[in-house]
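Asks: Sequence and predicted model, in that order:
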Amino acid sequence: MAYDKPNNKGWGMSIVAEHLHRRHFLWWLFGGILVLLVAELLFFLPVTPRNTVRFTILRNGHPLQAFQGHTVKESRTDTRTSSGKRTWDYYRFDHKVLSYSGGYDSNEVGIWRPAGHLFYHGTLTFDVGA
C-alpha cells in the first residue's frame, strides 16, 4: 500500500487506493446481496410441493413461519374432511397462520399443479368436519 503526504485527514491511502478499495467493497456487497436474493428465490419458487407450502405461507403474510416451518405430507385418509378438493395433495406444517382474508387459522395447505404448468399452486385449507 502506498502512502502519500498527509492531507486534511492525516496519513491515509492515496485517492486511487481509496477509490479501488471502495469499488472492491461495493462489488462484494452487491454480489453478496445478489447471492442472498437468488437463494431466497430458489427457496420459495413453487416448483416443488414443499416450496409451494412455504410460498403460500409467505403470501399470507407470515415470513418467519415460512422460513421456520417444517412440512409433512398428509395421507388421503387424514384429509377427507379438509376444505379443498379430493384430488389435491395436503401438507401440514408446524405453525397455525391466519389466512390473508382473516377468516380462519390453518396449519394445512392444499397443493395442486394445473396440467401443462411448471409451478404448483397452493391455498390454506381447514377442517370442515365429517
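Replies: Here it is on my side, so go on.
Asks: top helix in this protein by residue count?
Replies: helix 15-44 (DSSP state H).
Asks: Report the buried residues of that one.
Replies: Buried residues in helix 15-44, counting neighbours by 16 or more other Cβ atoms under 10 Å, are found at residue 44. C-betas here are computed from N, CA, C, even on glycine.
Asks: What are the buried residues along the next helix or strand after that helix?
Replies: As assigned by DSSP states H and E, the chain's next helix or strand after helix 15-44 is helix 49-59. Using 16+ other Cβ under 10 Å as the burial criterion, the residues of helix 49-59 that qualify are 49-58.
Asks: could you give the mean pLDDT of helix 49-59?
Replies: Averaging pLDDT along helix 49-59 gives 88.
Asks: Please name every helix or strand in contact with it.
Replies: Secondary-structure packing of helix 49-59 (3 or more Cβ pairs under 8 Å, 6 or more residues apart in numbering; DSSP states H and E): helix 15-44, helix 63-68, strand 71-73, strand 89-98, strand 105-112, strand 121-125.
Asks: leaving aside the residues next to it on the chain, what's closest to the residue nearest the centre of the chain?
Replies: Geometric centre of the chain, nearest residue: residue 44, 4.1 Å, by Cα atoms, centre = their mean. Closest residue in space to residue 44, ignoring its immediate chain neighbours: residue 55 at 4.9 Å, by Cβ to Cβ, 6 or more residues apart in numbering.
Asks: This completes my enquiry, with thanks.
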